[in-house]
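# Attaching a predicted model along with its sequence, questions to come.
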Amino acid sequence: MRLVLCDDNRLLCEALGFVLEAHGHRVLAIATCVAEGIAAVAEHRPDACLLDLSLPDGSGLDAARAMRQHHPDTKIVVLSCLTDPAVVSEAKKIGVAGFLRKDQKPSSIVSALKVVDAGGTAFDPRLLRQRGPRAVTQSRENPLGALTPRETEVLRRIVAGQSTSQMAREMDIAISTLRGYIKSILAKLGAHSRLQAAAIASGPRYRSVA
Amino acid sequence: MEIKVLIADQERTFAEALAIRLADEEDIRVVGAVQVKTPDPWLIAANSFDVMVVDGDLPGGGANQLCATASSRSGSSRVITLSSTSEPERIVDAIRAGTAAWVRKDQTLEHLLCVIRGVARGETWLPPSETGNVVRLLMQEQDRRRENGRLLASLTPRERAVLTCLAEGTGQREAIAERLHLSVNTVRTHLQNIMAKLGVHSALEAVALTRDQLAAEECSAW
């Protein structure tokens, strides 16, 4: 197949391109963002575009939508580490020919492209089987992972030794809002004080035995 | 000279495709391409390699842990950190863990090959656009460390022990008193002296100021 590869990891594009060419495909262009990807598909009219979803200038889903609209002959195969069922079904709705995960061996991508080339679709079966997200088990393994971005920001400032008024001023939020964040951080980390939260955040060396 | 390369990345597709591509070079032998989610010290122990290419975007600073394990090993194992970004603060952390190179994932393979060969010869590679910032950060850090070291040295052994309790998250005077077999009043005096000597207003600030230094001195004491 004549291919365009689109992923912000250029090293992946070049290495995977090498594997695909060894299996008789031709890589016409490598793109590393949405804009380049759309331009490359418009210029080369490839048989297929291997498309990442997390690109620096936007979502690969938007790129897929634009490609489907303007170049319906180009088949789109998503290659992503995202496995959110909502994303998979959105991609299906757009009309991609395949959705592959980045945790499989390169040869299964070769096989999937063979299926797509023959007019079939290639969706990683594990993506269709999975149910809800597993946020709960994840947070148990790593309590820091359960924090929202805003809470992480507050925790970072606690570790840096900032006072309540200093944080409120620099983050431009009310002290009562800040106290809410701190309460939530302590609860999620299972800490009794800011000092203890700072110790947990600073890593195992300072994690108290108790 | 043949360069033995170990690849560790959170994406299996990337690790294995890169392995296939690198193996095509005459002077490179790939000894392993492993999908890693969390740092596994056995990965380092079980493989003999000259250069490890590690995913710098592993969650929780996992790459730096792998890096530290690899560089503490005897011999001349070198590490290249790959990442989708290149903030100088992250590069400095990686350098401290012992990385020999930082390569952005949006670089070309040609560049990565250059770095692998360079690092195997003992060279260090950083993104040229960030080198100035990285050096500046390292210098600032050194100044700060010297200053903090001076502050820390001004504490008595007892005051240091109290400070270590704080750093470990034990903040209540009663709890510190019990741990160190002191009276609550004595702990209060120590706390006041610590804050006065360090010129800070809270226990949290005292810990923030001295955490790195305490950790470093503990390490070198072993």
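In hand now; what should we look at?
# Give me the buried stretch members for the longest helix anywhere in chain A, please.
In chain A, taking DSSP state H as the definition, the longest helix is helix A:175-189. Judged by neighbour count using 16 or more other Cβ atoms under 10 Å in any protein chain shown, the buried positions of helix A:175-189 are A:Leu178, A:Tyr181, A:Ile182, A:Ser184, A:Ile185, A:Leu186, A:Lys188, A:Leu189. C-beta: built from backbone N, CA, C; applies to glycine.
# What is the helix or strand just after that helix packed up against?
The helix or strand immediately downstream of helix A:175-189 is helix A:194-201, counting by DSSP states H and E. When contacts are defined as 3 or more Cβ pairs under 8 Å, 6 or more residues apart in numbering or on different chains; DSSP states H and E, helix A:194-201 packs onto helix A:149-159, helix A:175-189, helix B:203-221.
# for helix A:194-201, what is the average pLDDT?
The average pLDDT for helix A:194-201 rounds to 88.
# Between helix A:175-189 and it, find me the angle.
Interaxial angle of helix A:194-201 relative to helix A:175-189 (axes from the mean of the first three to the mean of the last three Cα atoms, to 10 degrees): 50 degrees.
# Return helix A:194-201 as PDB; C-alpha atoms alone will do.
Only the C-alpha atoms of helix A:194-201 are listed here, as PDB (Å, rounded to 0.1, in the frame of the first residue of the first chain):
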ATOM      1  CA  ARG A 194       0.400  19.300  54.800                       C
ATOM      2  CA  LEU A 195       3.800  18.200  56.200                       C
ATOM      3  CA  GLN A 196       2.800  14.600  55.800                       C
ATOM      4  CA  ALA A 197       1.400  15.300  52.300                       C
ATOM      5  CA  ALA A 198       4.700  16.900  51.400                       C
ATOM      6  CA  ALA A 199       6.500  13.800  52.700                       C
ATOM      7  CA  ILE A 200       4.400  11.500  50.600                       C
ATOM      8  CA  ALA A 201       4.800  13.600  47.500                       C
END
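# care to break the chain down by domain?
No chain specified, so I'll use chain A. When chain A is parsed with automatic domain parsing, its domains come out as A:2-129, A:136-206.
# oops, I was thinking of chain B
Using automatic domain parsing, the domain parsing of chain B gives B:3-133, B:154-221.
# Deepest-packed of the ones you listed, please.
Ranked by mean neighbour count, the domains of chain B are led by domain B:3-133 with a mean of 19 (mean count of other Cβ atoms under 10 Å in any protein chain shown).
# Closest one to A:Leu51 out of the buried residues of helix A:175-189, please.
Lowest distance from A:Leu51 to the buried residues of helix A:175-189 (Cβ to Cβ) belongs to A:Lys188, with 35.7 Å.
# my guess is the closest one contacts A:Thr148, does it?
No: in this structure, A:Lys188 is not within contact of A:Thr148 by Cβ atoms under 8 Å, at 9.4 Å.
# What score does the spatially closest residue to A:Ala48 that is not a sequence neighbour have for pLDDT?
Of all residues beyond its chain neighbours, the one nearest A:Ala48 is A:Lys75 (4.4 Å), with distances taken as Cβ to Cβ, 6 or more residues apart in numbering or on different chains. Predicted confidence (pLDDT) at A:Lys75: the value is 95.
# give the contact list for A:Lys75.
With contacts defined as Cβ atoms under 8 Å, 6 or more residues apart in numbering or on different chains, A:Lys75 is in contact with A:Asp47, A:Ala48, A:Cys49, A:Val96, A:Ala97, A:Gly98, A:Val116.
# Let me know the helix or strand that B:Ala33 is in.
Applying DSSP H and E, one finds B:Ala33 within strand B:28-35.
# how about the residue minimising distance to the centre of chain B, what does it touch?
In chain B, the centroid-proximal residue (Cα atoms, centre = their mean) is B:Ala97; its distance is 3.3 Å. Listed by Cβ under 8 Å, 6+ apart, the contact set of B:Ala97 reads B:Ala63, B:Asn64, B:Gln65, B:Cys67, B:Ala68, B:Ser71.
# The domains of chain B into JSON lines, with extra columns for mean pLDDT and distance to A:Ala22?
Shown next, in JSON lines, are those (pLDDT from 0 to 100; distance: least, Cβ to Cβ, whole Å):
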{"stretch": "domain B:3-133", "mean pLDDT": "90", "distance to A:Ala22": "8"}
{"stretch": "domain B:154-221", "mean pLDDT": "87", "distance to A:Ala22": "47"}
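# No further questions, thank you.
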